[in-house]
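Trainee: Output the structure for:
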Amino acid sequence: MARRSEHSQEEIKEMVLKAAETIVVEEGFSELKVRKVAMQIGYTVGSIYMVFDNMADLIMHVKGRTLDDISQQLKLVVDEDNAEQTIEQLAKTYLAYASHNFNRWSMIFEHHLNENDVVPEWYQQKVDNVFSLVEAQFKRLSAEHNEQQSKMAAYALWSGVHGVCTLSLTGKLDLVGVNNIENIVVMLVDNFIKGWKQV
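Mentor: Predicted coordinates:
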C-alpha cells in the first residue's frame, strides 16, 4: 500500500481518475467501485475521499474528462470555410467517438445525479463546450436567425444525432434492418440544415 507522502494530492487525484477511466473503458460503468480504484492505485479508500468529496464527485470528474475528449475530437474537424460541411463532420465524428469509446461515452448518460443535487458549474461548462461547436456553425449558416434560435437548432439537431447513436450502439436499430448508421446521420443533418435555412 502506497504512503500518502509518496504523492501529492494532485498526483493522487490524477492517479484516481486514470484508474477510474481504465475500469470504465475495460469493464463498463457498472464496475466502477471505489474499492476497485483504491486497489489499482495502491491507496486506501480514505485517500480517494481526500481528493474527491464522494463517489458522485469522482464520477462527475471522469465524465468531465470524457466531455473534454469529445470536444477536442470535434474541434479537429471544424472547417472555418464551410459551416454545413462542418456540422456534418461534427456529427460523423461524434458517432465515431461513441462507437470507438462506447463505455466512456455511455457513462455520461448512464449516471444520473440525485434529485436534489445540482450540476456543478464547471461540469455544465464542459457540456456547453460540446454544444457551442455546433451552435457556432448554425450562427454562420444564417444571419437571419438570432443567437437563441441558433442554440435551439444546435440542441435539436444534436438530440437527433445522439438518438441515432444510442439506438444504433445499443442494437435497437438492428431490429429494423438499419446497417449504415453514418448514412442515416448524414441524411438527418443534411435535411435538418435544409429546413433550417428555409425557416
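Trainee: check contacts around the closest residue to Leu76 other than its chain neighbours.
Mentor: Closest residue to Leu76 apart from its sequence neighbours, by C-beta to C-beta, 6 or more residues apart in numbering: Thr93 at 7.6 Å. Just so you know, the C-beta spots here come from the backbone N, C-alpha and C atoms, and that holds for glycine as well. By C-beta atoms under 8 Å, 6 or more residues apart in numbering, the contact list for Thr93 reads 73-74, 76-77.
Trainee: okay, and for this structure, where does confidence drop off?
Mentor: 1-5, 174-179, 199 (pLDDT under 70).
Trainee: before we move on, back to that, now, which of the contacts of Thr93 sits nearest Glu84?
Mentor: The nearest member of these to Glu84, counting by C-beta to C-beta, is Val77 at 12.8 Å.
Trainee: any idea what the closest residue to that closest one other than its chain neighbours is structurally, helix, strand or coil?
Mentor: In this structure, Val77 finds its nearest non-sequential neighbour in Gln89, 4.0 Å apart by C-beta to C-beta, 6+ apart. Put simply, Gln89 is helix when judged by DSSP: H, G, I helix; E, B strand; the rest coil.
Trainee: So Gln89 sits against Gln73, correct?
Mentor: No: using C-beta atoms under 8 Å, Gln89 makes no contact with Gln73, being 10.7 Å away.
Trainee: Looking at these two, which is more packed in?
Mentor: Gln89 (19 against 16; other C-beta atoms under 10 Å).
Trainee: what's near enough to touch the more buried one?
Mentor: So Gln89 contacts 77-79 (C-beta under 8 Å, 6+ apart).
Trainee: in the helix or strand harbouring Trp196, what counts as buried?
Mentor: Per DSSP states H and E, Trp196 falls inside helix 181-198. Residues 181, 184-186, 188-189, 192-193, 196 are the ones in helix 181-198 that count as buried (16 or more other C-beta atoms under 10 Å).
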